[in-house]
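# here is my input; please provide its structure:
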Amino acid sequence: MNILQKDDDKTLISKLQNDEVKAFDALFLKYSEKLFRFSFSLLKNEEDSKGIVQEVFLRIWKKRKEIDTSKSFKSFLFAISYNLIVDQLRLRLKDKKYQEYLTRYFETENLDLRNEFDYAILVDKVRNAVENLPAKRKQIYILSREVGLPHKEIAGKLGISVKTVENQITLALKHLKSNLGRDVLPAILFLSLFA
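Residues are numbered from 1 along each chain as shown. Predicted structure coming up:
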């Protein structure tokens, strides 16, 4: 395993700011697949989704010297991703009524996702929603999303089937999404990238 893959985001950003391409590569490996899957789930277009990933990381590279290492890199990544996906959705939506709805929604919401505070609020909402999961589902969710264990390993560790693990993760995500209400799009992005 490359030593940079073991580094946390803060260390990688410091190296990135010193123009270390390996740090950029490590960040790309860490987040690009999750970002692609989320983009594709909304855009239903592989090329557009790849374009979102490329644009996010192009902006990260261009703004590498401006990234505040005292703040969460995830917050920075979240803001760029969220804004690009929303822009792409606005461009691609053919249904005029839905396009007008999205425009009204994002203009009336006070979600300045460039702000670390908004990210922290969303993290707090997700944590509260996780706390309200049934005990076994919460345990499976944490092992999957926070510890990072594969479904097969969770199943073996808990003495349950892989299918049960998959079902519990699906139910946990549905619970989280329904409990985040009006913040559903940023919440889905958050859950896709960071949870």
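# what lies in contact with the host helix or strand of residue 11?
Secondary structure from DSSP states H and E places residue 11 in helix 9-17. Helix 9-17 has contacts (Cβ atoms under 8 Å, 6 or more residues apart in numbering) with 4, 7, 22-24, 26-27, 60, 64-65, 67, 69, 72-74. Just so you know, the C-beta spots here come from the backbone N, C-alpha and C atoms, and that holds for glycine as well.
# and the next element down the chain from that helix?
Scanning forward in sequence from helix 9-17, with DSSP H and E defining helices and strands, the next element found is helix 21-43.
# state the mean pLDDT of that next one.
If you average the pLDDT over helix 21-43, you get 86.
# related to what we said a few turns ago, the helix holding residue 11 versus helix 21-43: what angle between them?
Taking axes from the mean of the first three to the mean of the last three Cα atoms, to 10 degrees, helix 9-17 and helix 21-43 form an angle of 110 degrees between their directions.
# what about dumping the CA coordinates of helix 9-17 to CSV?
Output for helix 9-17, consisting of C-alpha atoms alone and laid out as CSV, is shown next (Å, rounded to 0.1, in the frame of the first residue of the first chain):
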residue,chain,number,x,y,z
ASP,A,9,-6.9,14.4,4.4
LYS,A,10,-5.0,17.1,6.3
THR,A,11,-1.6,15.5,5.6
LEU,A,12,-2.5,14.9,2.0
ILE,A,13,-3.7,18.6,1.5
SER,A,14,-0.4,19.8,3.0
LYS,A,15,1.5,17.7,0.6
LEU,A,16,-0.8,18.8,-2.3
GLN,A,17,-0.1,22.4,-1.4
